[in-house]
Structures are given as structure tokens and as C-alpha cells.
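# give me the fold of what follows.
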Amino acid sequence: MADAAAPKLLSIEMARGLAAIIVVLYHAARHLDKTMGFPGGKQAFQFGHAGVDFFFVISGFIILFIHGDDLGRPHRLSHYGLRRFTRIYPIYWVILGVTIALMVAGGHALPPVLDMAWAATLLPTRDDPMVGVAWTLQHEIIFYGLFAILILQRRIGVVLLTLWFAAIALNLMTDRSVLATIITSAYNLEFFFGMAVALWLRRGTVPFARALFWSGLAAFSIAAGAEVLGLLDGYQSWARLAYGGPSAFIILGLVEMEQKRGLRVPKQLLWLGRASYSIYLFHLTGIGLFYKLWSAAGMMERAPPWISYGLMVIAGIAGSVVVSLTVEYPLMRWIRRRTA
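Numbering: from 1, shown residues only. As a prediction, this is how the structure comes out:
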């Protein structure tokens, strides 16, 4: 996730917004299919989980692009740590609290205190996270921690990143369950894709930026189409290459076009990008609440499935944008002022 206080790359904001939208499309279709039957929609938007791949590549890119000058400068660690902490944790704790409250309101027992405390840390666990989408944040925290070592001691950090990359590659090639942990997951390769893009852009210009962008978009679309048609299992480890690689080319082309050619980005996508983290965290709650209200009004049986689906998507996005405007950014700004 990009740093809210850092200078913005508008193209990256746009990309984050689009990635968030396709994740919402994916989850809304799955929710409606599970509860009412919506097989056509579920199949059509099956590729939407690849928005996560895009987010991971963006994370790898933006962290190195913004903090590349901090490597080997231990005095910059507190700044980095505060930015990462305030970007990720406060609003996550809000959705964690909401999730636990909804569980209890739904008749479930209050989870053990130790389980709730561990969930609040976002450290890796073998259990399903209390907040369904938080599994991706566990990957982010691992990456942020290793990047912090780069800031503390650059050489040690490079060695650890090299070992991490080797372990991920070994797991990808052998596909042995003993290695298949969150630490060696193929998803983590996408942080490296993003960092490679950042290194390229920090060190020089990118030729044929427009061609790279369109090639990446075409490759991503081909992978998405193959998954929709059942020709690609998008949950397999190798699918991270099918989605992550093209995502890197899309970002590379977008940023270069913005920096060198003044790429213009629609304002609507900018505010969606700004709210993308809240959209990612809260959209399932918005979808679920709308579904219950729509069903209670008797409209789920009366309205055509695609109408219900569209309204669920809108509810998931709109509710999350409200949370972003009224909770996420005010809370983050308040904490940063208090700790400045």
C-alpha cells in the first residue's frame, strides 16, 4: 500500500483503485453465488482475486521507490516504521473490532483473548485470520520487516532478501508442502517484481513505456480470460507469475508515462485509489450488510440477480469510501500528529 504522506504517483493511485474494484467484483459474485446461486457471475469475475497480485507488486514497488534512499541509514528506521504502522494497523484494528462484534452479535462465542491479540499483530498464523482478507496483510508485514533490516544494515538486508527469494523459488519449483508456508508462498515473489520496477525507474528511463504498459495489460487480460474459461487455475503458485509479471510491466509503463509524458488520470479513479485500503478491508462487511437488508426487504427473490449483484458491488465500495473519509484518514492523521 502506498504511503499516504508521500508524494503521490497518480498512476499508482489509479492502479490501486482499479485493483480494489476487481477484488470487490470477485467477492460480491462469490457471495451471491454461495447464498442464492450466481454461477455465471461467479465465473465471469473469477479472475478478480488477481487484484491481490497487483496490490503486492505495487507494495514492492512503492516501498523501494519511496524509501530507497533510506537503505543503510538506521536513523531513518523510526520514520519508516511510523509510516508503515500508521498506514496499516489503526484502520485494520477498526475492522478487526467490527468483525469480532459481528461474530458475537451473530451468536458466536467471543474468541479467546490470546487469539484476538495475535490477530491484532498481523503476524503469520496457520489458522484462518479473523478478518478474512488479512491473510494478505500477513505477507505485507513480513516484507516490511525485511525491508526494515535493509534500512538498519543494508548488506545484511540484501543477504536476507536473497535467501528469502531463494526459498520462495525453491518452493515454487518443488511444490513441496513442507515448504509451502506463508513465508515461502509464491505471492511473495510479487514484492520482488515491484522492487525490480522501482530499481529500474530510480536508475534510468524506460524505453517503449507505452508498449510495455499495453503488453502487460494484454498479458494480464489473457491470464484473466484463461481463468474465466477454466484453462488456468488462478490459485496455483505458478499463476502468481501469470498475474504478477504482467502487473510489473503495467506499473513500469504507467509510472514512466506519468513522469515523462504527463499521463492524465481521471479524478474518480484517484479518490477510489485513495480509499483502496479501506475498500479492501471493509468491502466484505458492506456486501454482507447490504445482502441482509436486501433479503429482509424481500428484494433478493424479486430483483434479477445481476441487479442485486450490481447493488452489492456499489454498497461494498460506497460504504468503504465513507469509512476511508470519516475513519481511516482522520485516524491516521491524528496518530501521526500525536507521534510527530
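# quick check: residue 37 vs residue 234, distance?
Distance, residue 37 to residue 234, using CB to CB, to the nearest Å: 22 Å. Any C-beta I mention is one placed from the backbone N, CA and C, and that applies to glycine too.
# repeat for residue 56
Here the criterion is CB to CB. By it, residue 56 lies 14 Å from residue 234.
# so for the two, which sits in the more crowded spot?
Here residue 56 and residue 234 are compared on neighbour count by other CB atoms under 10 Å; more neighbours surround residue 56, at 27 against 19.
# my read is that the more buried one contacts residue 194, right?
Yes: between residue 56 and residue 194 a contact is recorded at 7.1 Å, counting by CB atoms under 8 Å.
# burial check on residue 295, number of neighbours?
Other residues near residue 295 come to 14 when the count uses other CB under 10 Å.
# please enumerate the helices of the stretch 201-340 of the chain.
Per DSSP state H, counting those that start in this stretch, the stretch 201-340 of the chain has helices spanning 209-228, 239-261, 267-274, 276-296, 299-302, 305-323, 329-339. These are given in chain order.
# how about a markdown table for those, with distance to residue 75 and mean pLDDT added?
Conversion of these to a markdown table gives the following (distance: least, CB to CB, whole Å; pLDDT from 0 to 100):
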| stretch | distance to residue 75 | mean pLDDT |
| --- | --- | --- |
| helix 209-228 | 35 | 97 |
| helix 239-261 | 28 | 94 |
| helix 267-274 | 30 | 88 |
| helix 276-296 | 28 | 96 |
| helix 299-302 | 57 | 90 |
| helix 305-323 | 35 | 96 |
| helix 329-339 | 16 | 93 |
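# turn the ones you listed into CSV, columns for distance to residue 142.
Listed next are the helices of the stretch 201-340 of the chain as CSV, based on distance: least, CB to CB, whole Å:
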stretch, distance to residue 142
helix 209-228, 25
helix 239-261, 15
helix 267-274, 24
helix 276-296, 18
helix 299-302, 40
helix 305-323, 25
helix 329-339, 22
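# closest one to residue 149 among those?
Nearest to residue 149 among the helices of the stretch 201-340 of the chain is helix 329-339; the distance by CB to CB comes to 22.3 Å.
# taking helix 267-274 as reference, get the angle to that closest one.
Compare the direction of helix 329-339 with that of helix 267-274 by axes from the mean of the first three to the mean of the last three CA atoms, to 10 degrees and you get 50 degrees.
# which positions within helix 329-339 qualify as buried?
For helix 329-339, burial by neighbour count (16 or more other CB atoms under 10 Å) applies to 329, 332, 336.
# stretch 62-77 too?
By neighbour count, and taking 16+ other CB under 10 Å as the criterion, the buried residues in stretch 62-77 are 62, 63, 64, 65, 66, 67, 70, 71.
# ok, stretch 101-118 next?
Neighbour-count burial for stretch 101-118, with 16+ other CB under 10 Å as criterion, is recorded at 111, 118.
# contacts for that stretch, please.
For stretch 101-118, contacts defined as CB atoms under 8 Å, 6 or more residues apart in numbering pick out 96, 100, 119, 125, 127, 130, 285.
# which residue packs closest to residue 142, ignoring adjacent ones?
Setting aside the residues directly before and after it, residue 142 is nearest to residue 183 in space (CB to CB, 6 or more residues apart in numbering), at 6.3 Å.
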